[in-house]
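Novice: Make a model of this:
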Amino acid sequence: MDTLLLLGDKVEKLDKFLAKMGHKAIDAGRGDNLAAIISENTFDLIIINPGVDLDRIELLNFLRDNDMTREVPIIFVYEGLKEQQQISALGYKKIEMLLGPVSVGVLASRIAMQLRLRKFAGRDAYATLGEKNARLTELNERFKKELKEARQIQENLLPKKLPADERFQISIAYNPLEEVGGDWYYVQKEKSGVSLHCADVTGHGLSAAFIGSMTKLALAAADKEMPGELLTEMNRLMASQIPEGKFVTMFSCLYNPDTSELHYARAGHPPALLVRAADKSVEELKGEGFALGFLDDASYTSLSTQLNNGDAIVIFTDGLTEAQNLANEMYESSGRLNNILAESVSNSSAEDILRAVLNDFEDFRQERILKDDITVLVL
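Specialist: Numbers count the residues shown, from 1 in each chain. Take a look at the predicted model:
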């Protein structure tokens, strides 16, 4: 849709013609609020009729001095030879002069011609400004819609609800840096207990979200309970599909509440932390293994440890530990994470522990802008 700016006296039936042709007309009347109108709109053509309060020569100077209208074509309806000569002497380009008064038919034909010229003048960066602006708006709206759909798809890949069992508690915080992120997690019941998975795709945005979705599909297709076997099969499925330079780190664990045994494996992911309630010690659950997609034939081994009543497992992405405060100190190197876990583990719920970590993290970073997605799981 082309947008026209009308100044001065109305031309009978012009509004109906413009509406019928699908053009948008903004009538600035005698020009009282011209500056505001120009600042809020992008125009494809300006029509100046007699009947403006401003000196019409000064009006032309104003329009050609303004960045928003400098290159916009103008149809100028002049009232006599003297005015025509004055306008010609200004030397401005893209001004078509018509001797008034003009009929709606004449003006309509000149409007159509000017708009066609504008469309064909592809070498002029400003000739299609309105059209480009409309296309950009359309592309922006389409991108927002696709981003929203991608976010919905990603959210649908996350667990709808967490497994409920009186023998354990699970609490999760998920904070993507952008509308869609590269972090991904999943929790599900298994025959022998409950499994927790936390993954981090290199990069951010749509590409990372897409690979995160691929990770969830690989998890379902692998159909393995033991973490080592699961990661090995997932890597086999994903390695040939992940784009070059991309990979996925992942920590996977299986907790059996009947035996209190925890099996776990790691694919290049930050080690999870085991917090002992009895002595408030904090242990790293390391394991070995490259990130998924790094080697086609990578294999992963399950390790195990025994949990006691009140112990907690904390799994996270490096967006948490590598975040910096205003002094450029990383959260991991500050030692605060281990300290807050030791302080909060006794007689606390999973939600209490998670909240303590997040509150301490917010205090640490001092409102510094985050540079990565953050996901934290507490079992």
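
Novice: the strands in the stretch 251-379 of the chain, which residues?
Specialist: All strands of the stretch 251-379 of the chain, identified by DSSP state E, counting those that start in this stretch, fall at 261-267, 272-275, 282-285, 303-306, 312-316, 374-378.

Novice: For the stretch 51-200 of the chain, which segments count as helices?
Specialist: Assigned by DSSP state H, counting those that start in this stretch, the stretch 51-200 of the chain shows helices spanning 56-65, 81-90, 104-120, 129-157.

Novice: which stretch among the ones you listed comes nearest residue 271?
Specialist: Nearest to residue 271 among these is helix 129-157 (24.8 Å), distances taken as Cβ to Cβ. Using the backbone N, CA and C atoms, a C-beta is placed for each residue, glycine as well.

Novice: show me where pLDDT drops low in the stretch 1-150 of the chain?
Specialist: 119-132, 134-135, 146, 150 (pLDDT under 70).

Novice: go again using 50 as the cut-off
Specialist: The stretch 1-150 of the chain contains residues with pLDDT under 50 at 122-127.

Novice: Show me what residue 184 bridges to in the sheet.
Specialist: Counting by DSSP bridges, residue 184 is bridged to residue 199.

Novice: Please name the residues that touch it.
Specialist: Residues in contact with residue 184 (Cβ atoms under 8 Å, 6 or more residues apart in numbering) are 154, 157-158, 198-201, 212-213, 215-216, 375.

Novice: so can I have JSON lines of the helices of the stretch 51-200 of the chain showing distance to residue 291?
Specialist: Shown next, in JSON lines, are the helices of the stretch 51-200 of the chain (distance: least, Cβ to Cβ, whole Å):
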{"stretch": "helix 56-65", "distance to residue 291": "58"}
{"stretch": "helix 81-90", "distance to residue 291": "66"}
{"stretch": "helix 104-120", "distance to residue 291": "51"}
{"stretch": "helix 129-157", "distance to residue 291": "20"}
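
Novice: can these go into JSON lines with extra columns for distance to residue 72 and mean neighbour count?
Specialist: Formatted as JSON lines, these follow (distance: least, Cβ to Cβ, whole Å; neighbours: other Cβ atoms under 10 Å):
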{"stretch": "helix 56-65", "distance to residue 72": "8", "mean neighbour count": "16"}
{"stretch": "helix 81-90", "distance to residue 72": "15", "mean neighbour count": "12"}
{"stretch": "helix 104-120", "distance to residue 72": "9", "mean neighbour count": "16"}
{"stretch": "helix 129-157", "distance to residue 72": "7", "mean neighbour count": "13"}
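
Novice: if we can go back for a sec, how about the strands of the stretch 251-379 of the chain, which one is nearest residue 20?
Specialist: Using Cβ to Cβ and comparing the strands of the stretch 251-379 of the chain, the one that lies nearest residue 20 is strand 374-378, at 55.5 Å.

Novice: contacts for the closest one?
Specialist: Contacts for strand 374-378 (Cβ under 8 Å, 6+ apart): 169-175, 177, 183-185, 187, 196, 198, 200, 312-317, 319-320, 323, 350-351, 353-354, 357-358.

Novice: Check those residues for burial and list the buried ones.
Specialist: By neighbour count, with 16 or more other Cβ atoms under 10 Å, the contacts of strand 374-378 hold 169-175, 177, 183-185, 187, 196, 198, 200, 312-317, 319-320, 323, 350, 353-354, 357-358 as buried.

Novice: Okay, buried residues for stretch 65-78 please.
Specialist: Counting neighbours by 16+ other Cβ under 10 Å, one finds that the buried residues in stretch 65-78 are 68-69, 71-78.

Novice: Could you tell me whether residue 213 really is in a helix?
Specialist: Yes: assessed by DSSP: H, G, I helix; E, B strand; the rest coil, residue 213 belongs to a helix.

Novice: about what we covered before: can you check which of the helices of the stretch 51-200 of the chain gets nearest to residue 16?
Specialist: That would be helix 104-120 among the helices of the stretch 51-200 of the chain, by Cβ to Cβ, at 8.7 Å.

Novice: Work out the gap between the closest one and the centre of the chain.
Specialist: Counting by Cα atoms, centre = their mean, to the nearest Å, helix 104-120 is centred 41 Å from the centre of its parent chain.

Novice: can you start the count at 584 instead of 1 from here on
Specialist: From this message on, residue numbering opens at 584, which makes the last subject helix 687-703.

Novice: That one to helix 712-740, inter-axis angle?
Specialist: Using axes from the mean of the first three to the mean of the last three Cα atoms, to 10 degrees, the inter-axis angle of helix 687-703 relative to helix 712-740 is 60 degrees.

Novice: Show me the one of the helices of the stretch 634-783 of the chain that comes nearest residue 883.
Specialist: Nearest to residue 883, of the helices of the stretch 634-783 of the chain and by Cβ to Cβ, is helix 712-740 at 22.1 Å.
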